[in-house]
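# Pasting the sequence and the predicted model now:
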Amino acid sequence: MHGAPHVVGDVMTRSVVSVGRRTAFKEVVRLLRGRRVSAVPVLEGGGRVVGVVSEADLLPEQEFRDSDPDRRTRSRRLQDLRKAGALTAKELMTSPAVTVRAGVTLADAAGLMARHRVKRLPVVDERGVLEGVVSRADLLEVFLRDDEELAEQVRREVVARLFPGPGSAVWVEVRDGVVRLVGRVRDTSLVPAAARLIRAVEGVVDVEFAPTEAVSSAPVRP
(Lines give C-alpha, C1' and ligand atoms only; values in the text may rest on other atoms or scores of the structure.)
Protein backbone atom coordinates (compact mmCIF):
# COMPACT_ATOMS: atom_id res chain seq x y z
CA MET A 1 0.00 0.00 0.00
CA HIS A 2 3.01 2.31 -0.36
CA GLY A 3 2.11 5.68 -1.79
CA ALA A 4 -1.64 5.32 -1.24
CA PRO A 5 -3.59 6.40 1.84
CA HIS A 6 -4.66 3.61 4.13
CA VAL A 7 -8.40 3.02 4.07
CA VAL A 8 -10.90 1.58 6.52
CA GLY A 9 -10.89 -1.78 4.75
CA ASP A 10 -7.17 -2.16 5.55
CA VAL A 11 -7.66 -2.08 9.32
CA MET A 12 -11.28 -2.98 10.09
CA THR A 13 -12.33 -6.05 12.05
CA ARG A 14 -14.26 -8.39 9.77
CA SER A 15 -15.55 -10.83 12.37
CA VAL A 16 -18.24 -8.77 14.07
CA VAL A 17 -20.73 -9.57 16.81
CA SER A 18 -24.16 -8.16 16.03
CA VAL A 19 -27.74 -8.34 17.30
CA GLY A 20 -31.22 -8.27 15.83
CA ARG A 21 -34.04 -5.87 16.63
CA ARG A 22 -35.61 -8.38 19.05
CA THR A 23 -32.44 -9.19 21.00
CA ALA A 24 -33.22 -8.77 24.71
CA PHE A 25 -31.59 -6.13 26.90
CA LYS A 26 -29.73 -8.65 29.05
CA GLU A 27 -28.42 -10.52 26.01
CA VAL A 28 -26.97 -7.29 24.62
CA VAL A 29 -25.20 -6.72 27.94
CA ARG A 30 -23.82 -10.28 27.88
CA LEU A 31 -22.48 -9.80 24.35
CA LEU A 32 -20.78 -6.49 25.14
CA ARG A 33 -19.17 -7.91 28.25
CA GLY A 34 -18.26 -11.26 26.73
CA ARG A 35 -16.74 -9.80 23.54
CA ARG A 36 -15.22 -6.80 25.31
CA VAL A 37 -16.66 -4.29 22.88
CA SER A 38 -18.38 -0.98 23.56
CA ALA A 39 -21.13 -1.27 20.95
CA VAL A 40 -22.85 -3.69 18.59
CA PRO A 41 -24.63 -3.06 15.28
CA VAL A 42 -28.30 -3.98 15.00
CA LEU A 43 -29.14 -5.87 11.80
CA GLU A 44 -32.29 -6.69 9.93
CA GLY A 45 -32.93 -9.09 7.03
CA GLY A 46 -29.96 -9.53 4.71
CA GLY A 47 -27.50 -8.16 7.24
CA ARG A 48 -28.39 -4.50 6.71
CA VAL A 49 -27.38 -2.17 9.55
CA VAL A 50 -30.38 -0.33 11.01
CA GLY A 51 -28.87 0.96 14.24
CA VAL A 52 -26.22 0.60 16.93
CA VAL A 53 -26.54 -0.24 20.63
CA SER A 54 -23.69 1.14 22.74
CA GLU A 55 -22.87 1.07 26.42
CA ALA A 56 -24.24 4.61 26.59
CA ASP A 57 -27.62 3.34 25.37
CA LEU A 58 -27.72 0.80 28.20
CA LEU A 59 -26.75 3.07 31.06
CA PRO A 60 -30.09 4.90 31.48
CA GLU A 61 -31.63 1.64 32.74
CA GLN A 62 -29.21 1.75 35.67
CA GLU A 63 -29.30 5.50 36.14
CA PHE A 64 -33.05 5.96 36.33
CA ARG A 65 -34.30 2.65 37.70
CA ASP A 66 -34.73 3.95 41.29
CA SER A 67 -35.20 7.65 40.57
CA ASP A 68 -38.05 10.00 39.83
CA PRO A 69 -36.58 12.65 37.49
CA ASP A 70 -37.77 16.21 37.89
CA ARG A 71 -39.47 18.10 35.08
CA ARG A 72 -36.26 19.72 33.84
CA THR A 73 -34.49 16.36 33.59
CA ARG A 74 -37.47 14.81 31.81
CA SER A 75 -37.53 17.59 29.22
CA ARG A 76 -33.75 17.51 28.63
CA ARG A 77 -33.28 13.74 28.61
CA LEU A 78 -36.48 12.41 27.13
CA GLN A 79 -34.67 9.95 24.87
CA ASP A 80 -32.59 8.55 27.72
CA LEU A 81 -35.73 8.11 29.83
CA ARG A 82 -37.35 6.16 27.03
CA LYS A 83 -34.33 3.87 26.86
CA ALA A 84 -34.49 3.35 30.62
CA GLY A 85 -37.55 1.19 30.07
CA ALA A 86 -36.30 -0.54 26.93
CA LEU A 87 -36.50 -4.32 26.69
CA THR A 88 -35.04 -4.98 23.25
CA ALA A 89 -32.30 -3.75 20.92
CA LYS A 90 -34.95 -2.04 18.77
CA GLU A 91 -35.91 0.17 21.71
CA LEU A 92 -32.31 0.74 22.81
CA MET A 93 -30.56 1.42 19.53
CA THR A 94 -29.43 4.72 18.12
CA SER A 95 -30.88 4.96 14.62
CA PRO A 96 -30.03 5.63 11.90
CA ALA A 97 -26.56 4.28 12.52
CA VAL A 98 -23.47 6.31 11.68
CA THR A 99 -21.67 4.04 9.20
CA VAL A 100 -18.65 4.18 6.93
CA ARG A 101 -17.57 2.50 3.68
CA ALA A 102 -14.46 0.33 3.42
CA GLY A 103 -12.83 2.64 0.88
CA VAL A 104 -12.90 5.73 3.09
CA THR A 105 -9.49 6.97 4.26
CA LEU A 106 -8.54 6.62 7.90
CA ALA A 107 -8.35 10.39 8.24
CA ASP A 108 -11.94 10.79 7.03
CA ALA A 109 -13.12 7.95 9.29
CA ALA A 110 -11.43 9.63 12.26
CA GLY A 111 -13.20 12.87 11.42
CA LEU A 112 -16.54 11.07 11.24
CA MET A 113 -15.96 9.52 14.67
CA ALA A 114 -15.02 12.88 16.15
CA ARG A 115 -18.04 14.71 14.71
CA HIS A 116 -20.49 12.09 15.95
CA ARG A 117 -18.60 11.34 19.19
CA VAL A 118 -18.57 7.58 18.65
CA LYS A 119 -15.84 5.03 19.33
CA ARG A 120 -16.72 2.49 16.64
CA LEU A 121 -18.25 2.60 13.17
CA PRO A 122 -20.01 -0.23 11.34
CA VAL A 123 -18.48 -0.69 7.89
CA VAL A 124 -21.12 -1.27 5.21
CA ASP A 125 -21.31 -1.87 1.47
CA GLU A 126 -23.39 0.11 -1.01
CA ARG A 127 -26.56 -1.67 0.14
CA GLY A 128 -25.92 -0.94 3.81
CA VAL A 129 -24.96 -4.57 4.54
CA LEU A 130 -22.44 -5.05 7.34
CA GLU A 131 -18.87 -5.84 6.27
CA GLY A 132 -16.97 -5.13 9.46
CA VAL A 133 -16.35 -2.64 12.25
CA VAL A 134 -13.60 -0.06 12.65
CA SER A 135 -12.64 1.33 16.06
CA ARG A 136 -10.50 4.19 17.30
CA ALA A 137 -7.74 1.72 18.07
CA ASP A 138 -7.85 0.43 14.48
CA LEU A 139 -7.30 3.94 13.15
CA LEU A 140 -4.11 4.23 15.21
CA GLU A 141 -2.50 1.17 13.60
CA VAL A 142 -0.71 3.30 11.01
CA PHE A 143 1.51 4.64 13.81
CA LEU A 144 2.92 1.12 14.19
CA ARG A 145 4.56 1.28 10.77
CA ASP A 146 8.27 0.45 10.82
CA ASP A 147 10.65 3.43 10.83
CA GLU A 148 12.55 2.16 7.80
CA GLU A 149 9.28 1.71 5.91
CA LEU A 150 8.43 5.34 6.63
CA ALA A 151 11.92 6.47 5.64
CA GLU A 152 11.70 4.66 2.30
CA GLN A 153 8.36 6.26 1.50
CA VAL A 154 9.65 9.73 2.38
CA ARG A 155 12.76 9.23 0.22
CA ARG A 156 10.73 8.04 -2.75
CA GLU A 157 7.72 10.33 -2.61
CA VAL A 158 9.13 13.56 -1.17
CA VAL A 159 12.91 13.84 -1.26
CA ALA A 160 13.38 12.37 -4.74
CA ARG A 161 10.78 14.74 -6.17
CA LEU A 162 11.52 17.99 -4.34
CA PHE A 163 15.26 17.75 -3.77
CA PRO A 164 16.85 16.02 -6.76
CA GLY A 165 20.54 16.59 -7.43
CA PRO A 166 22.68 18.41 -8.34
CA GLY A 167 22.77 21.06 -5.66
CA SER A 168 20.85 19.11 -3.06
CA ALA A 169 21.91 16.19 -0.94
CA VAL A 170 19.30 15.17 1.61
CA TRP A 171 19.32 12.16 3.91
CA VAL A 172 16.27 10.80 5.70
CA GLU A 173 16.39 9.51 9.26
CA VAL A 174 13.33 8.20 11.14
CA ARG A 175 13.14 7.31 14.79
CA ASP A 176 9.91 6.43 16.59
CA GLY A 177 7.95 7.95 13.73
CA VAL A 178 9.79 11.29 13.82
CA VAL A 179 11.26 12.11 10.40
CA ARG A 180 14.51 14.07 10.33
CA LEU A 181 15.89 15.47 7.08
CA VAL A 182 19.63 16.13 7.10
CA GLY A 183 21.71 17.68 4.36
CA ARG A 184 22.04 20.42 1.77
CA VAL A 185 19.09 21.99 -0.07
CA ARG A 186 19.46 24.12 -3.17
CA ASP A 187 15.98 25.69 -3.05
CA THR A 188 15.07 26.43 0.57
CA SER A 189 11.58 27.65 -0.40
CA LEU A 190 10.61 23.99 -0.86
CA VAL A 191 11.28 23.10 2.79
CA PRO A 192 7.79 24.01 4.12
CA ALA A 193 6.16 22.09 1.25
CA ALA A 194 8.34 19.06 2.02
CA ALA A 195 7.33 19.21 5.67
CA ARG A 196 3.61 19.27 4.76
CA LEU A 197 4.01 16.31 2.41
CA ILE A 198 5.94 14.32 5.01
CA ARG A 199 3.33 15.01 7.68
CA ALA A 200 0.72 13.61 5.29
CA VAL A 201 2.51 10.25 5.23
CA GLU A 202 0.49 7.96 7.47
CA GLY A 203 2.44 6.95 10.54
CA VAL A 204 4.62 10.06 10.71
CA VAL A 205 4.53 11.67 14.15
CA ASP A 206 6.63 14.79 13.51
CA VAL A 207 9.10 16.35 11.06
CA GLU A 208 12.41 18.11 11.68
CA PHE A 209 14.96 19.61 9.31
CA ALA A 210 18.67 19.69 10.15
CA PRO A 211 20.50 21.15 7.15
CA THR A 212 24.23 21.54 6.81
CA GLU A 213 23.83 24.97 5.27
CA ALA A 214 21.43 27.69 4.13
CA VAL A 215 18.36 26.62 6.16
CA SER A 216 17.38 27.34 9.76
CA SER A 217 17.90 24.28 11.94
CA ALA A 218 14.65 24.79 13.89
CA PRO A 219 11.96 22.15 13.43
CA VAL A 220 9.75 22.87 10.45
CA ARG A 221 6.16 23.81 11.35
CA PRO A 222 4.16 24.11 8.15
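Looks like it came in fine.
# R175: neighbour count?
11 (other CB atoms under 10 Å). Bear in mind the C-beta positions are built from the backbone N, C-alpha and C, glycine included.
# Just to check, it is in contact with E148?
No: using CB atoms under 8 Å, R175 is not in contact with E148, being 10.6 Å away.
# List of residues touching stretch 87-104?
7-9, 12, 19-25, 28, 41-42, 49-54, 57-58, 82-83, 85-86, 109, 112, 116, 118, 121-126, 128, 131-132, 134 (CB atoms under 8 Å, 6 or more residues apart in numbering).
# cool, and stretch 162-175?
147-148, 150-151, 154-155, 159, 179-187, 190, 193-194, 197.
# in the strand or helix carrying G9, what counts as buried?
G9 is part of helix 8-11 when elements are defined by DSSP states H and E. Applying a neighbour-count criterion of 16 or more other CB atoms under 10 Å, the buried positions in helix 8-11 are V8, G9, D10, V11.
# out of everything not next to it in sequence, what's closest to the last one?
Computed as CB to CB, 6 or more residues apart in numbering, the closest residue to V11 that is not its neighbour in sequence is D138, at 4.3 Å.
# List the residues that contact the one you found.
Counted by CB under 8 Å, 6+ apart, D138 has contacts V11, M12, T13.
# How many neighbouring residues does the last one have?
What that stands for is T13. 15.
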